[in-house]
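**Q** Sharing a model prediction with you, sequence too.
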Amino acid sequence: MRTRFLTLLLLFLTNIVQAQVNDSTTILDNTFRSDIYASHFGKTQIGGYAQIDYNQPFGDTLSQNGTFDVHRLVIFIGHKFNDRLSFFSEIELEHVKEIFVEQAFLEMKLTHWMNLRGGLLLIPMGIVNEYHEPPTFNGVERPNLEKYIVPTTWREIGLGFSGNLPSAAFNYQLYIVNGPLSYENGTALFGGKSGMRSGRQKGAKSIFSGNPNLSMKVSYYGFQGLSLGLSGYFGKSQSTLYNGLDKNNADLITQADSSVVGINMLGFDARYRIKGFQARGVFNMTHFSNTLEYNSFTGSDLGSTMVGYYAEAGYDILSTSRKIEDQLIVFARYEVYNTHQSTTSEIQVNNQYNRTDITAGLHYKPFNNTSFKADYQLFSNDLDTSGKHQINLGVGVWF
């Protein structure tokens with residue numbers, strides 16, 4: 001069933017490309033949306049976004065409390081020094097008590113098609129890792145593929161280039177970045193359930209053990225209403241075991257090498273919009289190398305391969321009225337993500353990690369950058385096919 005569904009999705013996207021629809025609706029490429037905030041020389045711009053949620057599990061033999069949460073409150077601060085040099089930053093408060101820096105980078109325009117960026121950068125993988133303001137996606141919660149396979153919000157410190165070529169309907173990003181941390185002071189941070197999510201360093205005194213990683217993405221938007229992206233991330237994880245390591249001690253070197261894994265991640269994403277109809281899809285595959293040594297040394301259960309995809313479709317039922325600017329989007333999303341797609345011989349595949357989520361709901365936007373959301377979710381896996389149920393309500397803003 002899953003194979004048939006993915007085949008139908010790919011055929012659907014292929015037909016869209018071949019049709020080259022002539023609708024005037026286009027997709028905003030948020031990779032370059034930072035220009036919106038800092039468009040005037042010598043001025044500091046302030047913006048932000050917020051997400052407030054209510055989650056209520058239900059459906060089994062035990063009663064469960066719901067939770068209310070100011071999930072995220074993010075403040076953007078940017079400054080444009082001149083026509084070549086700008087600074088952008090986002091400061092995030094999560095769950096009222098955790099403070100993070102989500103982005104902080106300096107950008108210099110080199111040519112009309114190339115910018116130099118340096119600082120804390122978002123990894124351009126998937127959709128939501130870059131475009132995560134609540135009004136930009138349907139559903140109260142972000143897709144779980146972009147949590148457990150793409151560890152959103154994933155950012156690392158690095159340096160690289162970005163650019164946009166409107167005449168070719170093409171943009172790109174290419175960065176050398178610090179990698180995630182797989183081992184810290186006796187603790188394995190990578191595992192079977194959530195991949196490398198716990199290893200995100202977030203720019204907080206990030207450990208660098210000599211393994212720079214490559215992050216890249218190319219996007220094409222030459223067809224009206226359609227945006228296609230291809231992403232890659234390649235390198236190795238970092239480890240605290242290399243700090244103070246005696247370079248002449250072969251046993252310690254072998255031990256340190258066993259605490260890191262190679263990371264090769266590929267992703268494809270598509271977004272489409274025509275009049276009231278909208279659709280998006282993501283496919284992601286990650287291969288880890290050195291997992292036999294890593295699991296043997298750390299006692300972890302990291303898989304060798306993670307695979308996931310989701311497809312979502314929605315329709316704005318108010319789009320047929322020219323007098324109403326509000327949007328009321330009815331949507332559904334089907335999502336499969338397996339963090340134990342394959343394992344090495346010493347680790348048994350855990351079928352609980354082969355998960356399927358179904359999400360359906362409403363997204364009301366009284367203004368384009370504001371959201372009232374309501375949805376239902378069914379979570380299941382290969383060992384629990386009956387699943388768990390949840391209702392979510394949310395409010396989101398972006399300004």
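**A** Received, thanks.

**Q** need the strands for the stretch 201-350 of the chain, in chain order.
**A** 213-220, 226-236, 238-239, 262-274, 277-289, 305-316, 327-342 (DSSP state E, counting those that start in this stretch).

**Q** Now do the buried residues in stretch 207-221.
**A** 207, 209, 211, 213, 215-217, 219, 221 (16 or more other CB atoms under 10 Å). All C-beta atoms are positioned from the backbone trio N, CA, C, and that covers glycine.

**Q** Repeat that for stretch 368-386.
**A** 369-371, 373, 375, 377, 379-381.

**Q** and the residues you listed as JSON lines, adding secondary structure?
**A** Shown next, in JSON lines, are the buried residues of stretch 368-386 (DSSP: H, G, I helix; E, B strand; the rest coil):
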{"residue": "Asn369", "secondary structure": "coil"}
{"residue": "Thr370", "secondary structure": "strand"}
{"residue": "Ser371", "secondary structure": "strand"}
{"residue": "Lys373", "secondary structure": "strand"}
{"residue": "Asp375", "secondary structure": "strand"}
{"residue": "Gln377", "secondary structure": "strand"}
{"residue": "Phe379", "secondary structure": "strand"}
{"residue": "Ser380", "secondary structure": "strand"}
{"residue": "Asn381", "secondary structure": "strand"}
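
**Q** ok, of the residues you listed, which one's closest to Asp53?
**A** Using CB to CB, Lys373 comes nearest to Asp53 of the buried residues of stretch 368-386, at 8.7 Å.

**Q** neighbours of the closest residue to that closest one other than its chain neighbours, just the number please.
**A** Closest residue in space to Lys373, ignoring its immediate chain neighbours: Gly394 at 4.2 Å, by CB to CB, 6 or more residues apart in numbering. Number of residues near Gly394 (other CB atoms under 10 Å) recorded here: 22.

**Q** go on, Lys97?
**A** Neighbours of Lys97 (other CB under 10 Å): 7.

**Q** Give me the pLDDT for it.
**A** Reported pLDDT at Lys97 in the predicted model: 92.

**Q** Can you tell me how far the residue nearest to Lys373 is from Ile127?
**A** 18 Å (CB to CB, to the nearest Å).

**Q** Ala279 too?
**A** 12 Å.

**Q** who touches both of the two?
**A** Counting by CB atoms under 8 Å, 6 or more residues apart in numbering, the residues touching both Ala279 and Ile127 are Arg271.

**Q** Settle it for me: which of those two has more neighbours?
**A** Applying other CB under 10 Å to Ala279 and Ile127 shows that Ile127 carries more neighbours, namely 28 against 21.

**Q** Could you list which residues are in contact with the spatially closest residue to that one that is not a sequence neighbour?
**A** Distance criterion CB to CB, 6+ apart; nearest residue to Ile127, sequence neighbours excluded, is Asp269 at 5.0 Å. With contact taken as CB under 8 Å, 6+ apart, Asp269 is in contact with 126-127, 228-229, 231, 280-283.

**Q** Name whatever forms a beta bridge with Asp269.
**A** Gly229, Val282 (DSSP bridges).

**Q** ok so, going back, of the contacts of Asp269, select the buried ones using a PyMOL command.
**A** Command for PyMOL that selects the buried part of these, burial taken from 16+ other CB under 10 Å:
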select buried, resi 126+127+228+229+231+280+281+282+283
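
**Q** Parallel or antiparallel, which strands does the helix or strand where the residue nearest to Lys373 lies pair with?
**A** For Gly394, the element it lies in under DSSP states H and E is strand 388-398. Counting by DSSP bridges, the strands paired with strand 388-398 are strand 44-58 (antiparallel), strand 370-381 (antiparallel).

**Q** Compile those strands into a markdown table and extend it with columns for distance to Ile329.
**A** Converted to a markdown table, these look like this (distance: least, CB to CB, whole Å):
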| stretch | distance to Ile329 |
| --- | --- |
| strand 44-58 | 17 |
| strand 370-381 | 9 |
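
**Q** Of the ones you listed, give the one that comes closest to His95.
**A** Across the strands paired with strand 388-398, closest to His95 is strand 44-58 (CB to CB), at 10.2 Å.

**Q** what's the closest one in contact with?
**A** 37-39, 64, 66-80, 90, 133-135, 140-141, 388-399.

**Q** Pull the distance from that strand to the chain's centre.
**A** Mean C-alpha position of strand 44-58 versus that of the full chain (CA atoms, centre = their mean, to the nearest Å) differs by 16 Å.

**Q** so what strands line up beside the helix or strand that it is followed by?
**A** As assigned by DSSP H and E, the chain's next helix or strand after strand 44-58 is strand 67-80. Here strand 67-80 is paired, per DSSP bridges, with strand 44-58 (antiparallel), strand 85-94 (antiparallel).

**Q** Could you find the residue nearest the spatial middle of the chain?
**A** With distances taken as CA atoms, centre = their mean, Asn129 lies nearest the centre of the chain, 2.7 Å away.
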